[in-house]
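Peer 1: the following block contains a protein sequence and its predicted model.
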Amino acid sequence: MKKEFAVSEYDFDLFTIGAGSGGIRASRRAAAFGARVAVAEQRFLGGTCVNIGCIPKKLFSYAAHFKQDFEDARGYGWSFDQLSFDWRALLEGKNREIERLNGVYGNLLTQSGVELIRGRAKVTGPHTVEVDGRTLTSRHILVATGSSPTIPEIEGAEYCISSDDAFYLDKLPERVVVVGGGYIAVEFASIFNGLGVDTTLVYRGDRLLKHFDADLGNFLAEQMTARGVKIRFHTEIRKIEREDGVLHCVTGDGERLSCGTVLYATGRLPNTARLGLEDVGVELASNGAVVVDPTFQTAVPSIYAVGDVIHRMQLTPVALAEGMLVADHLFNGGSEHMDYSGIPTAIFSHPNVATVGLSEEQAIESGYTIDRYRSVFTPLKHTVSRSGDKVLLKLIVDRETDRVLGVHMVGDDAGELLQGFAVAIKCRATKAQFDATVGIHPTIAEEFVTMRTKVGA
Ligand code: NDP
């Protein structure tokens, strides 16, 4: 519903810096409420997710899955002589889709009446922004500049790539070393491995995805290893040397892991450098994140921030939700706060991992007395394909109230399956309600409503 705002002494009611997921959503929503909105973008429309994140990563993940699909097909009687893969064809298809999406985002902005300003914006005052020498004024400013991958400062770091570069490799290496044990490391290790690259994942700790339920990372490591990824735990890379075009990762034990590409997936930091934020009084945390209150307001009352730049949960749907709340709050009298509990997330490793709610460890730390239900089995599809793939399903239940606190899965399409269970968690479903739900047979997901035996009971 459009509202009329008082004639303003400012050029705009909202000036958004960054046309990524959070920035675009907030801008369009604000414009829909009748606000005069501009968004400045120095690079591409759609931000990390569309250009160098979720979307191209998922396309690469699909591409990598085909290798196993072909192998599975043999178990079902299919035969074929030779498989070949053309990296350039995949890149071209991916780039075409992204260009299409860039156009879609441009149209969405224009159609909602948001002015798109191409260029690098800098905050010069509580209500002023400078874009390439031009000064603009706005009642509110929204910082939605996202985050960028970081590579530790070790000798030879200049030879390494980040996920940004992995989306534009000229050719696939024969061997790759992926460093890290989080989202991007396991996703890209799976992609490279699936595309036929000899893949080693090097992680300094002892468990992948260490912020999730321990079962997930342990099971994922077993399954990735079975699919051919070499995983090296407790391994740190001290330096990287280059000789005759080959890279050698020298580990803490002095071992040399040789490869054509080293991908560092060691976290992402907020993009706040050279934005002028601190000069105008916006508080930044030690990692550069913009510090905001529950309404996403910064230390300067007219300046707000959402998305990766506030470094809470670096997830597209979270940035979208934060952007909507800011627009609602500023231009629609909204007073709702973001609920960060029960946010589902999926990791598109092979196999996929998905989780919603509390892990076993978090539930215990939070003081719950819990019951655990856990099931590991071979899905029907893989009985005949004989691929050896297994799935893990796990439920964490509060013994006192019978509420299901967490739903966790490793296996094909885990993200697709858990979206629905995330609704059940939001509705505070109990184990009895899970049990009273009739399953869909034969599926993997039916096991979530048929698990009856407590682990360790
Ligand atoms: P993560 O925080 O998930 O993982 C970073 C990994 O790098 C950790 O295993 C960490 O180890 C390791 N690490 C950090 N510093 C060093 C170092 N100096 N040397 C060696 N290892 C190091 O970050 P990602 O880069 O994988 O992803 C960033 C964020 O992007 C994610 O947290 C997620 O929010 C988002 N994302 C979401 C996706 C999705 O929704 N599917 C996909 C990709 C990214 P340790 O644990 O020991 O600290």
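Peer 2: Okay, I see it.

Peer 1: so how far is Leu108 from the closest residue to Val318 other than its chain neighbours?
Peer 2: Excluding its sequence neighbours, the residue lying closest to Val318 (Cβ to Cβ, 6 or more residues apart in numbering) is Ile343, at 6.4 Å. The C-beta positions use only the backbone N, C-alpha and C, and glycine is treated the same way. Separation of Ile343 from Leu108 (Cβ to Cβ, to the nearest Å) stands at 24 Å.

Peer 1: equivalent analysis for Arg88, please.
Peer 2: 30 Å.

Peer 1: between the two, who's got more neighbours?
Peer 2: Remark: of Arg88 and Leu108, Leu108 carries more neighbours, 16 against 10, as counted by other Cβ atoms under 10 Å.

Peer 1: confirm that that one sits in a helix.
Peer 2: Yes. Under DSSP: H, G, I helix; E, B strand; the rest coil, Leu108 falls within a helix.

Peer 1: quick check: it touching Arg28?
Peer 2: Yes. Using Cβ atoms under 8 Å, Leu108 makes contact with Arg28 at a distance of 6.4 Å.

Peer 1: tell me, how many neighbours does the residue in the chain that the ligand sits nearest to end up with?
Peer 2: Closest residue of the chain to the ligand, Cβ to the nearest ligand atom: Gly182 (2.0 Å). Number of residues near Gly182 (other Cβ under 10 Å) recorded here: 19.

Peer 1: next: Ala436.
Peer 2: Ala436 has 10 nearby residues by other Cβ under 10 Å.

Peer 1: any idea how far Gly456 is from it?
Peer 2: Taking Cβ to Cβ, one finds Ala436 at 24 Å from Gly456.

Peer 1: and for Glu92?
Peer 2: 52 Å.

Peer 1: which residues does the residue nearest the centre of the chain contact?
Peer 2: Among the residues of the chain, the one closest to the centroid is Leu315, at 4.9 Å (Cα atoms, centre = their mean). The neighbourhood of Leu315, defined by Cβ atoms under 8 Å, 6 or more residues apart in numbering, consists of 343, 345.

Peer 1: tell me the residues of this structure that contact the ligand?
Peer 2: Residues of the chain found near the ligand (Cβ under 6 Å from any ligand atom) are 152, 179-185, 187, 203-205, 210, 265-268, 314-315, 345-348.

Peer 1: narrow those residues to just the buried residues.
Peer 2: 179-185, 187, 203, 265-268, 314-315, 345-348 (16 or more other Cβ atoms under 10 Å).

Peer 1: looking at those residues, which are in helices?
Peer 2: Among those, the members found in helices (DSSP state H) are 183-185, 187.

Peer 1: just for the stretch 351-457 of the chain, where's the confidence low?
Peer 2: 457 (pLDDT under 70).

Peer 1: just the chain next, same as before
Peer 2: Using pLDDT under 70, the flagged stretches of the chain are 1-7, 457.

Peer 1: what helix or strand is Gln68 on?
Peer 2: Gln68 belongs to helix 54-75 when assigned by DSSP states H and E.

Peer 1: pull up the distance across stretch 169-179, start to finish.
Peer 2: Distance across stretch 169-179, first residue to last, is 17 Å (Cα to Cα, to the nearest Å).

Peer 1: hmm, I was thinking of stretch 220-238
Peer 2: With Cα to Cα, one end of stretch 220-238 sits 26 Å from the other.

Peer 1: what's that stretch in contact with?
Peer 2: Contacts of stretch 220-238 (Cβ under 8 Å, 6+ apart): 68, 154-155, 177, 179, 186, 189-190, 193-194, 199-209, 249-253, 257, 262, 349-351, 353, 388-390, 410.

Peer 1: thought His350 was touching Ser190?
Peer 2: Yes. Contact criterion Cβ under 8 Å: His350 and Ser190 qualify, at 3.9 Å.

Peer 1: let me see the contact set for the spatially closest residue to Ile154 that is not a sequence neighbour.
Peer 2: Among residues not flanking Ile154 along the chain, Lys239 sits closest, at 5.7 Å (Cβ to Cβ, 6+ apart). By Cβ under 8 Å, 6+ apart, Lys239 lies in contact with 154-156, 250.
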